[in-house]
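Peer 1: got a sequence here, can you build the structure:
(one chain, ligands or ions: 2)
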Amino acid sequence: MSFEFRKHRNGSRETRADANRATGRVSMAPATRAIRAAATARLAPRSDRDPIAFSTLAAELATELPRAVHAALAGFKLWGGDEGTLLLTEAPLDNPLPRTPTSRGTEIELPVAEMALATVGMALGVVLGFRGEAQGRVIQRLYPVPEERDAQTSASSGVRLQFHSETAFDPNRPDVLVLLCLRADPGGAAVTTFACAGKVLAHLSDSQIGILRQPRFKTGVDASFGGSTNSDHDPTVSPIYGSDTDPGILIDTDLMRAADPNDELAIKALMALNRAVENASLGVVMRPGDMLLIDNRRACHGRSDFRANYDGRDRLLLRAMVAYDPWRRSGERRQRSLVQERVGR
Ligand SMILES: O=C(O)CCC(=O)C(=O)O
Ligand SMILES: [Fe+2]
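Peer 2: Numbers count the residues shown, from 1 in each chain. Ligands and ions are numbered 1, 2, ... in the order given. Predicted coordinates for the structure are as follows:
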C-alpha cells in the first residue's frame, strides 16, 4: 500500500485539493452500518461512563472492518506504513454533528465517531487514557479554544504546533496516536504534519546521528501533565534510538535541550535534527471521516496554524492513544482500568 502525502513546507498555505493527493487510501465505509448500529443502540456503553465495556465492544466491531483495513493495519504495525503514518478514510461519523465546543470541558455526544476510532484502536492494540489529559478519557476531543490560541497545545490555532513525539517525557509513551477528523477548519487549511525517522536521518551526518543516539538531552513535561522545563528532574533522553534499519525518533522542538548547556556538539546536533525534521516533513489536510494513524516511535508530528472563529463551526477532531503492549504499563493503572494514573519515571 503506498501513500503519497504532500510535502509540507514551513509557512506554506496548502489547499485541500493539493494536500490530499494520497493514493491507496483505505476506506472504512463497509463497516459503517455495523459501527453506527452498535454505537447508537439504546444501551450502548459510553467511553466516559464505562470505558471497559466501550472498548470491548469496539474490539468486537473490529471484525466488521474490511480485510483491506486489517491488511493496512498489519503493514503499519510491522513497518510503520510508508511514512510512519497510515490514512484511513470514510470513517462513520455522527449525523447531525454537534457544534464544535468553544470552551474546554463542554460535553458533546459523539457515539458513532468515538466507536469508529476505538474500533481501529482496538484492532491495533489497546486504547489507554491518561489522567493528566482530558481527565483520563480514552477518547479525547480536540478543538481550538480562545484561551489557548497561541499555546503549544492541541487547543491552539494561532500558532503552529511544533514537531513533537506524544508525551515525549514518558518512557512508556503511547505507541500510536490516532486522529479522526469530524469537522475541518473553516479555511480548510489546517495541516497535520509528520516526519518519519528514516527520512529524517537521511538529512543528518553519521557523526550527528552518533551524538543524537546518546543520552545527552533532556526534555520537559507538557503543560497538560503539570509542566516543567529546565528542571534537573526532567528525563534524560536520546532523540534517535532503535535499529539503523528501522530507527525511532523522540523529539519535542519546544521542550528538548542539551542536558549540559555547555555541550556545544549536542546543541548543534539538536539544531540539525530540528532542521532535518522540517526538511523531511510531509503533511495532510484531514477532511471529515479521515483517520490518521501516527506511529509515535517511527515518526514525530505537529500541526500548522489555522483559522478559528469560536462560533461552533471550528475544527473538531477525536484522538486516541494506543498501546501495543498494555502489560508494560499495568503498574501505572488501577486494577481493571484503562487510565494511566501517572507518567514519566
Ligand atoms: O491537531 C492536529 O492535527 C494534531 C494535534 C496533535 O499533535 C495531537 O493531538 O497530539
Ligand atoms: Fe501531538
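Peer 1: now do the helices in this protein.
Peer 2: Listed in chain order, the helices of the chain (DSSP state H) span residues 16-19, 32-40, 51-61, 67-79, 111-124, 197-201, 206-212, 264-280.
Peer 1: tilt between the fifth one and helix 32-40?
Peer 2: Read that as helix 111-124. Counting by axes from the mean of the first three to the mean of the last three C-alpha atoms, to 10 degrees, helix 111-124 lies at 110 degrees to helix 32-40.
Peer 1: can I get helix 111-124 as CSV, trimmed to CA atoms?
Peer 2: The C-alpha coordinates for helix 111-124 follow below in CSV (Å, rounded to 0.1, in the frame of the first residue of the first chain):
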residue,chain,number,x,y,z
PRO,A,111,-21.1,7.9,20.0
VAL,A,112,-20.6,6.9,16.4
ALA,A,113,-17.3,8.7,15.7
GLU,A,114,-15.9,7.6,19.1
MET,A,115,-16.8,4.0,18.3
ALA,A,116,-15.2,4.2,14.8
LEU,A,117,-12.0,5.5,16.4
ALA,A,118,-11.9,2.9,19.1
THR,A,119,-12.6,0.1,16.7
VAL,A,120,-9.4,0.9,14.8
GLY,A,121,-7.5,1.5,18.1
MET,A,122,-8.6,-1.9,19.4
ALA,A,123,-7.8,-3.7,16.1
LEU,A,124,-4.3,-2.4,16.5
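Peer 1: packing partners for that helix?
Peer 2: helix 32-40, helix 51-61, helix 67-79, strand 176-183, strand 291-295, strand 316-323 (3 or more C-beta pairs under 8 Å, 6 or more residues apart in numbering; DSSP states H and E). (Glycine included, C-beta is placed from N, CA and C.)
Peer 1: please produce JSON lines containing those, extended by distance to Ser231.
Peer 2: Output for these, formatted as JSON lines (distance: least, C-beta to C-beta, whole Å):
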{"stretch": "helix 32-40", "distance to Ser231": "43"}
{"stretch": "helix 51-61", "distance to Ser231": "32"}
{"stretch": "helix 67-79", "distance to Ser231": "35"}
{"stretch": "strand 176-183", "distance to Ser231": "26"}
{"stretch": "strand 291-295", "distance to Ser231": "28"}
{"stretch": "strand 316-323", "distance to Ser231": "24"}
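Peer 1: for ligand 1, find the nearest of those.
Peer 2: Closest of the helices and strands packed on helix 111-124 to ligand 1 is strand 316-323, at 5.0 Å (criterion: C-beta to the nearest ligand atom).
Peer 1: what's that closest one in contact with?
Peer 2: For strand 316-323, contacts defined as C-beta atoms under 8 Å, 6 or more residues apart in numbering pick out 97, 100, 110, 113-114, 117-118, 121, 124-130, 138-143, 154, 166, 172, 174-183, 286, 329.
Peer 1: let's go with 7 Å and repeat that
Peer 2: 100, 110, 113-114, 117-118, 121, 124-128, 138-143, 166, 174-183, 329 (C-beta atoms under 7 Å, 6 or more residues apart in numbering).
Peer 1: which non-adjacent residue is nearest Ser281?
Peer 2: In this structure, Ser281 finds its nearest non-sequential neighbour in Ala195, 4.2 Å apart by C-beta to C-beta, 6 or more residues apart in numbering.
Peer 1: over to Thr219?
Peer 2: Counting by C-beta to C-beta, 6+ apart, Met256 is the residue found nearest to Thr219 once chain neighbours are left out, at 4.5 Å.
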